[in-house]
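**Student:** Sequence plus the predicted model coming up.
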Amino acid sequence: MNQSTEQSKRAATLREQINLHNQSYYQFDDPQISDAEYDLLLRELQALEEKHPELIRLDSPTHRVGAPPLKIFEEVRHVVPMLSLNNAFSDEELVDFGRKVQEKMGNTSTEYIAEPKLDGLAISLLYKEGVLVQAATRGDGKSGENVTENIRTVHDIPLRLKGDFPVRLEVRGEVFMSKRGFEKLNQQAEEKGEKLFANPRNAAAGSLRQLDSKITARRSLSFYCYGYGEFPEQNLPENQIDLLEKFNQWGLPVSPEVELVHGIDGCIAYYKEMENRRSALAYEIDGVVFKVNNFSSQRLLGSIARAPRWAIARKFPAEEAITTILDIDVQVGRTGAITPVARLAPVFVGGVTVTNATLHNIDEIRRKDVRIGDKVVVRRAGDVIPEVARVLLDKRAPSTRLFNLPAQCPICQSAIEKTEGESVSRCSGGLFCSAQQKEAIKHFSSRKAMDIDGLGSKLVEQLVDEGLIQNIADLYNLQLEPVMALERMGKKSAENLIAGLEKSKQTTLAAFIFALGIRDIGEVTAQTLANHFGSLGAIKAANEEALLETQDVGPIVAKHLITFFQQPHNLEVIDRLQQAGITWDDVIIDSTRELPLQGKTIVLTGTLERFSRDQAKKALQELGAKVSGSVSSKTDYLVAGNNSGSKLDKAAKLNISVLDEDQLSELLLGKP
């Protein structure tokens, strides 16, 4: 096969691949390769066509932008084509762009408009007499999709302009989704068991392609304009910066990051500034766009088939790259969450070398079908922990292996639990596991648990970091002098802590159970367990059947209790606490005593005058009531004090009985 035939075949293969990827990216919002890989394919085809003009075809993707519109929307022809931009991947390529501009212009220096390259969807907005009449996607640059009804739901986009504007005006810009909006959307999708969006760009595109505009209205979409299509020449200002100012005056949003810079040195400085600020922005960007500021200069420079000669996009280092999963192990978070982590063959992503990436949880591993040995796309956005975005299934080798979660925590060997219906698995050794020690101690010492005066979060951090304590039992072995030696701790503060620890030794059974931090055991359930069983020994000895007889205890909570009290190290810590002098009065269970509020759920809100909130809560619980923190259809009474808020409104909507303080007193006295 001669060289000419090989080049022809390679060009045909590249055209086919790029067209398929365009379809996946623009039409179905489901990219199959990273932006960096796509750019390499396109640049290879461009180089082939430049070297061998006989290979150029009218249907080549180098003459197009994106792909034809879907048939589900009305087609819109662009009177002025919506061009794409050429890319620069280094300062050298940016300098070369500037040199070509100067050669054409004959000037020593050129002004450029610099702005972030938003990672969204290009949109054309047509205004007639100041009223928005049409919105269309870029499509293939010549025609796009009519998304007018959906665009009307984007609050950033004015339905009517203000001020002195042309009779007919076409504005061009980018619809995008903020990072926070994207996270919220994916969280909602995950809760519903729906497919997650790959990135904010896909989320924005998918939102605009909804046939039902009500769905689009519920999505957090934003818009910045950056240019024009149809525009009366007599109304066009001299410079791009002046046009953007007019857009602002007419009520059209413009990126606040837009700057006027001088020469390519100014462009490079702006690029570096935005690269440093990228992760702090509220939205994703994948580079910076530079445009010659003067419109006359733009017209002189002109355009090639698919891009203007007067503008260029300086791309950031690729935030996606392909690598191999060498192994998968797990990390234990501060709350006991077990997170699978992929150990990767080193790969350069987003300006750094990445060797690890999160896999989130076992459900996500199964959904993406991730295996040890797979070729995968790794994504990194700013300072966010890198993640495995997707598996390249067509490159899977027969030697790949499935990953299964270990049965025991790698830190403390406690059992790993996964509750049905939840995606996160957790270590059950909260009292003992060193990965969780700080959070366990903070919870144990909190006001509604052991209420240890003088022991705040920062002091807990210090005590653990200095090696003075490793778990909650070590608190009661603290001595005055080592505590005094800590930074910012004097004798008085140390004495207050020791006194607070001593005072906390006298507690209640309910507070102690809550302080242990057993999963899903809150204040109410802890009090219920204390009232039902009367002693810690009885709770520890209870089997599932006995636990299920307790109000508020279902199969999941019963499982957590049994697992916790089966762990030898948890029992050891409890023994040490009791040996240190922690004590409480066992609850006297009178089986003949009727609890008048047994089975009733009561919510307290507002400020009470004759009771503190805790006093009222304790009194109600002693009469058998469950005191909840939120109003629901299961609530029997809402006790409303002064300055009651939204809970009172919700109770009214649900027709729930509302009691004032006098009625609460009658309830506590056993009066109906």
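**Tutor:** Structure's in. What do you need?

**Student:** Do a quick rundown of the strands in the stretch 451-600 of the chain.
**Tutor:** Remark: strands assigned in the stretch 451-600 of the chain by DSSP state E, counting those that start in this stretch are 506-507, 583-584.

**Student:** and those strands as a markdown table, adding distance to residue 528 and mean pLDDT?
**Tutor:** Every C-beta, even on glycine, is put in place using the N, C-alpha and C of the backbone. Shown next, in a markdown table, are these (distance: least, Cβ to Cβ, whole Å; pLDDT from 0 to 100):
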| stretch | distance to residue 528 | mean pLDDT |
| --- | --- | --- |
| strand 506-507 | 17 | 94 |
| strand 583-584 | 16 | 92 |
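
**Student:** Between the ones you listed, which one is closest to residue 481.
**Tutor:** Closest approach to residue 481 among the strands of the stretch 451-600 of the chain is made by strand 506-507 (25.5 Å; Cβ to Cβ).

**Student:** Pull the distance from the closest one to the chain's centre.
**Tutor:** Averaging C-alpha positions (Cα atoms, centre = their mean, to the nearest Å) puts strand 506-507 42 Å from its chain's average.

**Student:** Give me the sheet partners of that strand and which way each runs.
**Tutor:** Strand 506-507 has its sheet partners listed here by DSSP bridges as strand 583-584 (parallel).

**Student:** Quick one: mean pLDDT for the helix or strand just after the strand it pairs with?
**Tutor:** Once strand 583-584 ends, the next helix or strand along the chain (criterion: DSSP states H and E) is strand 601-605. The pLDDT scores in strand 601-605 average 88.

**Student:** now stretch 432-450
**Tutor:** For stretch 432-450, the mean pLDDT works out to 86.

**Student:** do the same with stretch 508-528
**Tutor:** If you average the pLDDT over stretch 508-528, you get 88.

**Student:** again with stretch 551-569
**Tutor:** 85.

**Student:** for the stretch 551-672 of the chain, which spans come out with low pLDDT?
**Tutor:** 589-594, 611, 669-672 (pLDDT under 70).

**Student:** hmm, back to that, nearest to residue 542, of the strands of the stretch 451-600 of the chain?
**Tutor:** That would be strand 583-584 among these, by Cβ to Cβ, at 18.0 Å.

**Student:** quick one on the thing from earlier: now the strands of the stretch 451-600 of the chain as JSON lines including mean neighbour count and distance to residue 291?
**Tutor:** Converted to JSON lines, the strands of the stretch 451-600 of the chain look like this (neighbours: other Cβ atoms under 10 Å; distance: least, Cβ to Cβ, whole Å):
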{"stretch": "strand 506-507", "mean neighbour count": "14", "distance to residue 291": "69"}
{"stretch": "strand 583-584", "mean neighbour count": "14", "distance to residue 291": "73"}
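
**Student:** And for residue 275, the neighbour number?
**Tutor:** Neighbourhood size, residue 275 [other Cβ atoms under 10 Å]: 16.

**Student:** The helix or strand hosting it packs against which elements?
**Tutor:** Element membership of residue 275 [criterion: DSSP H and E] is helix 263-277. Applying 3 or more Cβ pairs under 8 Å, 6 or more residues apart in numbering; DSSP states H and E, one finds that helix 263-277 contacts helix 91-105, strand 111-118, strand 259-262, strand 285-292.

**Student:** In TSV, list those along with mean neighbour count.
**Tutor:** As requested, the helices and strands packed on helix 263-277 are arranged in TSV below (neighbours: other Cβ atoms under 10 Å):
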stretch	mean neighbour count
helix 91-105	15
strand 111-118	23
strand 259-262	16
strand 285-292	23
